[in-house]
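Visitor: Provided below are the primary sequence and the corresponding predicted coordinates.
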Amino acid sequence: MTGIKSYIDTHKNRFVNELIELLKIPSISADSAYNNDVLKTAEATAKELKKAGCQHVEICETKGHPIVYGEIIIDTKLPTVLVYGHYDVQPPDPLSLWNSPPFEPIIKCTDIHPDGAIFARGACDDKGQMFMHVKALEIMNQTNQLPCNIKFMIEGEEEVGSNNLVDFVKEHKKKLNNDVILISDTGMIAKDVPSITTGLRGLSYVEVEVTGPNRDLHSGLYGGAVANPINILTKMIASLHDDNNRITIPGFYDKVEELSSQERNEMAKAPFSLDAYKKALNINAVYGENGYTTNERNSIRPTLDVNGIWGGYTGEGAKTVIASKAFAKISMRLVPNQDWQEITSLFKVHFEAIAPEGISVKVTPHHGGQGYVTPINNIGYKAASMAYEDTFGKKPIPQRSGGSIPIVALFEQELKSKTILMGFGLDSDAIHSPNEHFGLFNYFKGIETIPLFYKYFVELSKSI
């Protein structure tokens, strides 16, 4: 393909400004107070797809937030690529830790991004990476180099479990029919080390409620005589890991895939500095399951983490009270073969069983999804590898990610398609955290690389 880099250079400022406008809209899917903003973002995304060259664009209603669908079909005999992304974002809390307002995008230079990075909620996850595909379509369309058909499915509920996307996929299989699915919602090992994500962990997310007395009690009159739900909850949570940091839920590891020594050795070839990792997080030691490296702990091993815990008095000053209730939100990242619904059930049974007398427990499942592994010998992976090699000058490294995109397993089940995960973010981009950002180098490199995926995918498809 010719002229891609020159087109990017010519329109670079516009590409950045258009993304900034999208980032200004607080499309927080988890908070109903932002429903209008989520809809506004869907409308803005649809408008950008039309501008980029989609022949048909529609905003599809669901029981929750809408799905934006677009397509450009140039020849039904050619391969079709389905691009998936999401326009919703995580809540920006805690706001006090942001160096600039989360929905007032600003470009700043950093040590990792000396040429600048956009700081805003959603910059990397996933508005910035989703928008790379929109701009890639524009380039191919404007330079008359579109080699195949493209469909877009951009949802607004990824950050809350994609519950309504499940029904949408099942009900629109013909509309979504494709030869391969392309997603950019993952990352690379480093700016100069491209990588392709070949595995994702599954997810089980639950909320627990522990109840003791029928009302809040005076801690002097009742302390030591009545079970304190906050004390009990913390003990119960602490018991979910043993001294080796293995999860103690019976049956939790029964279906965990154990990688061979050869596979673990291949993973270990990826460049990684433990000192740099600790320095970036301002910690003096790492922590996790005994017998595994840091990169293995956050990719091929399952985990259980408390994402939030609350109860009692948390206001200014003191209030001597034993709370009636205590709560926690808990996520479990799962590896292939672990079924998220089965793990949720195992958690519920175990957590209820370890509650002492005088305490009642309620476990509420929120959402989840299966893990996913894609082979590296299919033409989709090969096309992605060739595209990265062209733009980065080196072959990408296959790697498994610790994150989850629950819908990917459903795509293969319902649409019978493999998914290729071409991420351009970095671990340091602070997704889901204050000061999320996306490097301009990465943004433009993604726009440059994606068109080459289409080129090579079509060429490889002709050879089989």
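Guide: In hand now; what should we look at?

Visitor: least trustworthy helix or strand in this structure by mean pLDDT?
Guide: In the chain, no helix or strand scores lower on mean pLDDT, DSSP states H and E than helix 261-267, which sits at a mean of 83.

Visitor: Can you dump the C-alpha atoms of the helix or strand that comes right after that helix in CSV for me?
Guide: On the C-terminal side of helix 261-267, the nearest following helix or strand under DSSP states H and E is helix 274-281. Output of helix 274-281 as CSV, limited to C-alpha atoms (Å, rounded to 0.1, in the frame of the first residue of the first chain):
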residue,chain,number,x,y,z
LEU,A,274,11.5,-6.5,36.9
ASP,A,275,13.4,-3.5,38.2
ALA,A,276,11.7,-1.2,35.7
TYR,A,277,8.3,-2.8,36.5
LYS,A,278,8.7,-2.1,40.2
LYS,A,279,10.0,1.4,39.5
ALA,A,280,7.0,2.2,37.3
LEU,A,281,4.6,1.2,40.1
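
Visitor: Can you list the buried residues in helix 274-281?
Guide: Within helix 274-281, no residue qualifies as buried by neighbour count (16 or more other Cβ atoms under 10 Å). Where C-beta positions appear, they are placed from N, C-alpha and C, glycine not excepted.

Visitor: Just checking the distance from the longest helix that the chain contains to the centre of its chain.
Guide: Of all the segments assigned as helix in the chain under DSSP state H, the longest by residue count is helix 440-462. Mean C-alpha position of helix 440-462 versus that of the full chain (Cα atoms, centre = their mean, to the nearest Å) differs by 21 Å.

Visitor: cool, and stretch 111-121?
Guide: With Cα atoms, centre = their mean as the basis, stretch 111-121 stands 20 Å off its chain's centre.

Visitor: and that stretch, average pLDDT?
Guide: Throughout stretch 111-121, pLDDT has a mean value of 97.

Visitor: Same question for stretch 316-327.
Guide: Taken as a whole, stretch 316-327 has a mean pLDDT of 96.

Visitor: Not counting its own residues, what contacts it?
Guide: 207-220, 222-223, 226, 228-230, 232-233, 308-313 (Cβ atoms under 8 Å, 6 or more residues apart in numbering).

Visitor: Stretch 400-412 now?
Guide: So stretch 400-412 is in contact with 84, 158, 161-162, 165-166, 169, 181, 183, 185-187, 197-203, 267, 298-300, 333, 340, 367-373, 417-419, 421, 423, going by Cβ under 8 Å, 6+ apart.

Visitor: Check the residues you listed for burial and list the buried ones.
Guide: 84, 158, 161-162, 165-166, 169, 181, 183, 185-187, 197-203, 267, 298-300, 333, 340, 367-372, 417-419, 421, 423.

Visitor: Can you flag which of those belong to strands?
Guide: 84, 181, 183, 197-200, 202-203, 333, 367-369, 372, 419, 421 (DSSP state E).

Visitor: Pick the one among those residues closest to Ile118.
Guide: Ranked by distance to Ile118 (Cβ to Cβ), those are led by Ile183 at 20.4 Å.

Visitor: Identify the bridge partners of the closest one.
Guide: Counting by DSSP bridges, Ile183 is bridged to Tyr84, Leu421.

Visitor: what's the distance between it and Tyr84?
Guide: Counting by Cβ to Cβ, to the nearest Å, the gap from Ile183 to Tyr84 is 5 Å.

Visitor: where do the contact lists of those two overlap?
Guide: With Cβ under 8 Å, 6+ apart, Ile183 and Tyr84 have common neighbours Thr419.

Visitor: which residues of the stretch 51-200 of the chain fall in helices?
Guide: With DSSP state H, counting those that start in this stretch, the ranges of helices along the stretch 51-200 of the chain come out as 127-142, 163-171.

Visitor: Thanks again, I'm all set now.
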